[in-house]
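K.L.:
Predicted structure and sequence below. I'll ask about it afterward.
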Amino acid sequence: MLPCSCVSSLAAADGLGSIAIDTTQLNMSVTDPTAWATAMNNLGMVPVGLAGQQLVTDSICVPGFDPSLSMMTGITPINPMIPGMGLVPPPPPTDVPVVKEIIHCKSCTLFPPNPNLPPPSTRERPPGCKTVFVGGLPENATEEIIQEVFEQCGDITAIRKSKKNFCHIRFAEEFMVDKALYLSGYRMRLGSSTDKKDSGRLHVDFAQARDDFYEWECKQRMLAREERHRRKMEEDRLRPPSPPAIMHYSEHEAALLAEKLKDDSKFSEAITVLLTWIERGEVNRRSANQFYSMVQSANSHVRRLMNEKAAHEQEMEQAKESFKNALTGILTQFEQIVAVFNASTRQKAWDHFSKAQRKNIDIWRKHSEELRNAHSEQLMGIRREEEMEMSDDDSDDNPTKKLRVDDSALAAQAYALKEENDSLRWQLDAYRNEVELLKQEKGQLFRTEESLTKDQQLQFLQQTMQGMQQQLLSIQEELNNKKSELEQAKEEQTHTQAMLKVLQEQKQTDLIEVNTEINVLTVALVNQDREKTSEKRSPGLKSEKEALLIGIISTFLHVHPFGANIEYLWSYMQQLDSRISANEIEMLLMRLPRMFKQEFTGVGATLEKRWKFCAFEGIKTV
């Protein structure tokens with residue numbers, strides 16, 4: 001029978017026997033002997049009077065549990081001692097003192113150490129340790145007695161006993177080593193003998209074994225393989241899908257691709273397929289026409305792209321124009337603010353301000369002038385860029401084309417420069433007035449601190465005035481250059497007009513020469529006809545107009561060897577004389593059969609009457 005204290009200790013062992021399974025939940029280090037001793041004290045291991053009875057119940061010793069699972073990323077170690085899991089009741093409070101008790105075995109008795117002594121020291125725990133070193137054994141202790149004592153901690157796989165009162169015990173699992181460490185410090189006595197060879201103080205410590213380290217390395221490699229496999233599966237899941245494979249060329253796919261090329265929304269995808277087909281070498285004599293039509297469809301999109309570009313350029317120009325207008329408005333407001341500061345610095349209002357107020361007003365005025373000058377320079381830069389763009393456009397034109405000069409734009413630029421010149425002149429006058437006021441105040445006041453500040457202001461105003469004078473001179477030079485450019489453009493325009501008049505006169509003279517040549521040719525032809533037989537002589541011409549018409553018609557039909565219908569001939573004559581009619585031309589042609597003959601071409605609905613010039617045929621036959 002077991003005492004009541006043993007029963008209570010056994011119940012506590014059923015609930016808390018594997019408290020050393022998961023060290024992460026208790027925040028203890030496995031190398032801390034004090035922590036492990038306290039944990040094993042809380043196990044409440046009971047005296048054992050029967051052979052083979054375990055120190056801790058089998059229900060708590062989970063053989064399949066591995067504390068190294070916490071190394072895998074994303075997997076939380078499972079602790080069967082977590083409260084609320086339903087496996088074991090929650091642990092008792094840690095502040096309850098638990099005293100180690102005597103352990104009775106069949107062949108020996110284990111007496112607990114003195115609780116006032118420090119806990120036994122242990123070495124650093126090797127990775128994957130399943131083997132313990134047990135020293136301080138009695139000389140008469142056998143391997144069976146050692147197995148009887150330590151098999152209560154778990155399954156023993158091997159015991160290697162030495163002749164020098166120590167041994168190595170290898171357990172099946174790592175957590176069994178922690179239970180064996182609980183027995184460190186106990187005094188072992190064989191039976192009831194008091195002989196020195198039958199007693200000894202046990203020292204249990206971690207042992208370094210090659211088999212343990214090899215198994216631990218194998219487990220780590222297995223975990224690493226699982227981790228790599230898990231990461232690869234995760235990367236494959238998160239990898240973006242590959243682009244779809246481009247189909248091979250066929251007449252059906254080519255017809256579908258031709259429709260896609262005409263659609264603006266599908267053009268990018270279709271042009272990629274077309275490029276791939278051409279690079280693959282799908283173009284041959286049989287498919288060349290289809291590829292040519294698809295390339296032609298791709299070329300038709302060039303106009304659309306150019307229109308888009310023109311629209312974007314127009315939007316950019318509008319944005320530039322709005323920015324320039326806004327900047328002009330801002331510059332106008334700056335001018336007004338600076339005018340307010342200039343009016344405040346005059347003697348009428350300046351004397352009524354205090355010293356601090358004058359200082360602030362002066363600082364504000366300088367800051368406003370700097371901002372005003374910066375914005376003015378920016379606006380002038382924008383105008384210079386526009387002028388440069390205009391000059392580039394003029395230089396890119398062909399010299400043979402007419403020179404078009406926008407007089408209104410140049411006049412507007414000249415007017416803007418004039419306004420800037422006037423504003424700068426007004427500012428210069430204001431600065432001069434301020435300098436005179438400062439000189440008067442300097443003569444009236446003593447050499448005080450305020451006079452020193454006014455001297456500095458005077459120097460600054462002089463420097464500013466010099467800068468404004470230089471800027472005024474540069475603007476005047478620029479205005480003169482603009483005027484000279486305007487005069488030069490006007491001269492070029494007059495020269496171009498004169499050249500145009502000369503060209504028109506030359507064109508008129510050329511037309512007169514052509515008409516005279518036609519008349520000469522007509523007269524020669526008439527003379528040749530008159531020299532022929534008088535029987536078949538054509539009736540005489542009624543007027544000089546008919547002679548001129550015959551010459552023009554002869555020249556026109558001579559350059560058309562296959563003939564021309566009466567409508568085509570009449571449309572050409574209408575350009576020279578709008579009052580002439582087609583009937584009149586046809587009657588004139590019928591009156592001269594030796595010069596003009598009529599032929600019928602075509603069959604059925606395409607039958608057409610054409611007139612031909614045949615005067616030279618008669619000359620050849622003669």
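P.N.:
That came in fine, so what should we check first?

K.L.:
now what about stretch 293-300, what contacts it?
P.N.:
For stretch 293-300, contacts defined as Cβ atoms under 8 Å, 6 or more residues apart in numbering pick out 254, 257-258, 261-262, 271, 274. All C-beta atoms are positioned from the backbone trio N, CA, C, and that covers glycine.

K.L.:
Next SSE downstream of the longest helix anywhere in the chain?
P.N.:
Ordering each helix of the chain by length in residues (DSSP state H) puts helix 449-531 first. Where DSSP states H and E defines the elements, the next helix or strand beyond helix 449-531 is helix 544-558.

K.L.:
Give me the buried positions along that following helix.
P.N.:
546-554, 556-557 (16 or more other Cβ atoms under 10 Å).

K.L.:
wait, which of these is closest to Val435?
P.N.:
Of all the buried residues of helix 544-558, Ile552 has the smallest distance to Val435: 85.6 Å, by Cβ to Cβ.

K.L.:
hmm, back to that, got a quick PyMOL command for the buried subset of the contacts of stretch 293-300?
P.N.:
Restricted to buried positions by 16+ other Cβ under 10 Å, the PyMOL selection for the contacts of stretch 293-300 reads:
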select buried, resi 254+257+258+261+271+274
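
K.L.:
where exactly do the strands run in the protein?
P.N.:
Ranges of strands in the chain, per DSSP state E, are 103-104, 108-111, 131-135, 156-161, 166-171, 187-190, 199-201, 203-206, 596-601, 608-613.

K.L.:
Residues in contact with the fifth one: which ones?
P.N.:
By Cβ under 8 Å, 6+ apart, the list of residues contacting strand 166-171 from outside reads 130-137, 143, 146, 150, 153-161, 177, 180, 207, 209, 211-212.

K.L.:
thinking again about what came up before, show me what the longest helix of the chain packs onto, helices and strands only.
P.N.:
helix 355-396, helix 407-444, helix 544-558, helix 615-621 (3 or more Cβ pairs under 8 Å, 6 or more residues apart in numbering; DSSP states H and E).

K.L.:
repeat that for 7 Å
P.N.:
Secondary-structure packing of helix 449-531 (3 or more Cβ pairs under 7 Å, 6 or more residues apart in numbering; DSSP states H and E): helix 407-444, helix 544-558.

K.L.:
for these, which one ends up most surrounded?
P.N.:
helix 544-558 (a mean of 18; mean count of other Cβ atoms under 10 Å).

K.L.:
What is it packed up against?
P.N.:
Under the contact criterion of 3+ Cβ pairs under 7 Å, 6+ apart, helix 544-558 touches helix 449-531, helix 566-576, helix 582-591, strand 608-613.

K.L.:
how close does Ala270 get to Ile512?
P.N.:
Separation of Ala270 from Ile512 (Cβ to Cβ, to the nearest Å): 61 Å.

K.L.:
of the two, who's got more company?
P.N.:
More neighbours surround Ala270 than the other of Ala270 and Ile512, with 20 against 10 (other Cβ atoms under 10 Å).

K.L.:
circling back to that earlier point, tell me the mean pLDDT over the longest helix of the chain?
P.N.:
For helix 449-531, the mean pLDDT works out to 78.

K.L.:
Which pLDDT value belongs to Phe613?
P.N.:
At Phe613, the predicted lDDT confidence score is 84.

K.L.:
my read: it touches Val559, true?
P.N.:
No: at 9.3 Å, Phe613 does not count as touching Val559 under the criterion of Cβ atoms under 7 Å.

K.L.:
Of these two, give the one with the bigger neighbour count.
P.N.:
It is Phe613, of Phe613 and Val559, that has more neighbours when counted by other Cβ under 10 Å, with 22 against 8.

K.L.:
and that one, what is it in contact with?
P.N.:
If a contact means Cβ atoms under 7 Å, 6 or more residues apart in numbering, then Phe613 has 554, 557-558, 595-596 as its contacts.

K.L.:
one more time with 8 Å
P.N.:
Counting by Cβ under 8 Å, 6+ apart, Phe613 has contacts 553-554, 557-558, 595-596.

K.L.:
distance of the nearest residue to it once chain neighbours are set aside from Ile585?
P.N.:
The shortest distance from Phe613 to any non-neighbouring residue, by Cβ to Cβ, 6 or more residues apart in numbering, is to Leu557 (3.8 Å). Note on Leu557: its distance to Ile585, by Cβ to Cβ, is 11 Å.

K.L.:
which one of the contacts of stretch 293-300 sits closest to Asp195?
P.N.:
Minimum distance to Asp195 across these is 101.9 Å, recorded for Ile271 (Cβ to Cβ).

K.L.:
Thought Leu261 was touching that closest one, still the case?
P.N.:
Yes: at 7.1 Å, Ile271 and Leu261 qualify as touching, with contact defined as Cβ atoms under 8 Å.

K.L.:
thinking again about what came up before, what residues are shared contacts of Leu557 and Ile585?
P.N.:
Contact criterion Cβ under 8 Å, 6+ apart; residues shared by Leu557 and Ile585: Leu569.

K.L.:
so where's the stretch 51-200 of the chain uncertain?
P.N.:
For the stretch 51-200 of the chain, applying pLDDT under 70 flags the ranges 51-99.

K.L.:
scratch that, the stretch 201-350 of the chain
P.N.:
For the stretch 201-350 of the chain, no stretch is flagged by pLDDT under 70.

K.L.:
Helices along that one, start to end?
P.N.:
Using DSSP state H, counting those that start in this stretch, the helices of the stretch 201-350 of the chain run over 210-238, 251-261, 267-280, 288-344, 347-350.

K.L.:
Including distance to Ile475, could the ones you listed go into TSV?
P.N.:
TSV is the format used below for the helices of the stretch 201-350 of the chain (distance: least, Cβ to Cβ, whole Å):
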stretch	distance to Ile475
helix 210-238	65
helix 251-261	57
helix 267-280	52
helix 288-344	15
helix 347-350	30
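
K.L.:
Nearest to Glu567, out of these?
P.N.:
Glu567 lies closest, by Cβ to Cβ, to one member of the helices of the stretch 201-350 of the chain: helix 288-344, at 35.8 Å.

K.L.:
and the closest one, how far from the chain's centre?
P.N.:
Distance, stretch centre to chain centre, for helix 288-344: 23 Å (Cα atoms, centre = their mean, to the nearest Å).

K.L.:
Next: stretch 158-168.
P.N.:
Counting by Cα atoms, centre = their mean, stretch 158-168 is centred 71 Å from the centre of its parent chain.

K.L.:
That stretch: which residues count as buried?
P.N.:
159, 161, 165-167.

K.L.:
follow-up on the earlier one: which one of the contacts of stretch 293-300 is nearest to Trp426?
P.N.:
For those, the nearest to Trp426 is Ile271 (62.2 Å; Cβ to Cβ).

K.L.:
how about the nearest residue to the closest one, chain neighbours excluded?
P.N.:
Ala298 (6.1 Å).
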